[in-house]
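> The sequence and its predicted three-dimensional model are supplied below.
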Amino acid sequence: MENKSYKNIQFSAEKRVATVTINRAQFANALDHETLGEIADACSFAAARDEIGAIVLTGAGKHFSAGGNIKNFKTMLEEGRYLTKEYVSVAGKSVHAIFNTPKPTLAMVNGMAAGQGAAVAAACDFRIFAPSSRFNMAFINVGLSGDSGAMLYLAKLVGIARARELMMTGRVVRADEAKEIGFATAVTESDERLADVTYELAQKLANGATFAIGRQKAMFNSLFYSEYDKYVEMEGSCIEECSRHPDFKEAVYAFCEKRTPVFSK
């Protein structure tokens with residue numbers, strides 16, 4: 001198969017299963033537009049090849065992904081810039097491209113999946129957790145409403161009431177609870193079994209009727225996610241407003257200064 005190389009991710013394929021690894025371990029696999037675009041491109045590349053039947057997404061090192069790089073936000077604020085609706089929509093479209101991949105996708109969640117990282121995991125068809133894995137919708141912790149389709153994907157998985165609670169509190173959800181509420185597809189019996197269990201399922205799917213799976217995905221997406229374009233418009237507008245509010249600057253600076261933010265009353 002044609003070799004495919006990227007700057008921020010690693011791509012490999014074996015026994016009909018492609019693996020896309022976020023390769024920014026020095027930043028806890030924090031995401032940016034370039035990395036999300038590479039993930040979407042790798043999924044498209046894999047989907048176009050008959051010799052690949054399933055795609056596993058994971059993170060190098062200890063964590064799946066810490067989400068957005070907050071230190072980059074500090075630089076942005078120091079330069080007098082803010083998040084814009086157009087900028088945010090790029091991330092939303094990249095994650096939705098992962099979601100729309102016709103081949104089955106599995107998030108092998110090692111360590112933490114936070115914020116944008118949790119959104120990428122939620123956009124996959126399956127999420128396999130180890131006992132030590134966890135996720136949180138961390139946007140609110142930095143004074144933001146959320147991006148990358150996080151709220152919509154989460155609500156479809158766990159229900160509106162639970163999604164509201166997780167989005168508004170930003171609390172960490174550990175593996176057992178993630179399985180209980182419907183976010184995690186499965187939790188392995190040990191951390192050491194994470195890869196084995198993930199690839200066993202990936203292999204089963206890859207050797208199955210992948211064309212029919214693709215048709216199933218198309219129906220699911222059309223019937224139950226048709227509001228996504230409208231959602232991305234609202235998501236972008238809301239996060240642009242949040243990035244101009246003093247709470248965002250306070251949260252970003254508090255993070256960089258390793259202190260608790262003091263939000264406006």
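Received it, and whenever you're ready, just let me know what you need.
> What residue, apart from its backbone neighbours, is nearest A218 spatially?
In space, A218 comes closest to P102 once its chain neighbours are excluded; the distance is 7.2 Å by Cβ to Cβ, 6 or more residues apart in numbering. Where C-beta positions appear, they are placed from N, C-alpha and C, glycine not excepted.
> tell me which element that neighbour is part of?
For P102, there is no host helix or strand (DSSP states H and E).
> Tell me the pLDDT of it.
What the model reports for P102 is a pLDDT of 97.
> now swap in K71 and tell me
86.
> re earlier: what about the residue nearest to A218, distance to F211?
According to Cβ to Cβ, to the nearest Å, P102 stands 9 Å off from F211.
> and whatever helix or strand A218 lives in, which residues are buried?
A218 is part of helix 210-224, with elements assigned from DSSP H and E. Residues of helix 210-224 classed as buried: T210, I213, K217 (neighbour count, 16 or more other Cβ atoms under 10 Å).
> Over to stretch 114-130?
Neighbour-count burial for stretch 114-130 [16+ other Cβ under 10 Å]: 114-130.
> Now stretch 8-19 - C-alpha only, CSV.
Extracted in CSV, the C-alpha atoms of stretch 8-19 (Å, rounded to 0.1, in the frame of the first residue of the first chain):
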residue,chain,number,x,y,z
ASN,A,8,1.7,15.5,13.7
ILE,A,9,0.3,12.0,13.3
GLN,A,10,1.6,8.5,12.5
PHE,A,11,-0.3,6.3,10.0
SER,A,12,0.2,2.6,9.6
ALA,A,13,-1.9,-0.3,8.3
GLU,A,14,-1.8,-4.0,9.0
LYS,A,15,-4.2,-6.9,8.5
ARG,A,16,-6.9,-4.6,7.1
VAL,A,17,-6.8,-2.2,10.0
ALA,A,18,-5.3,1.3,9.8
THR,A,19,-4.0,3.0,12.9
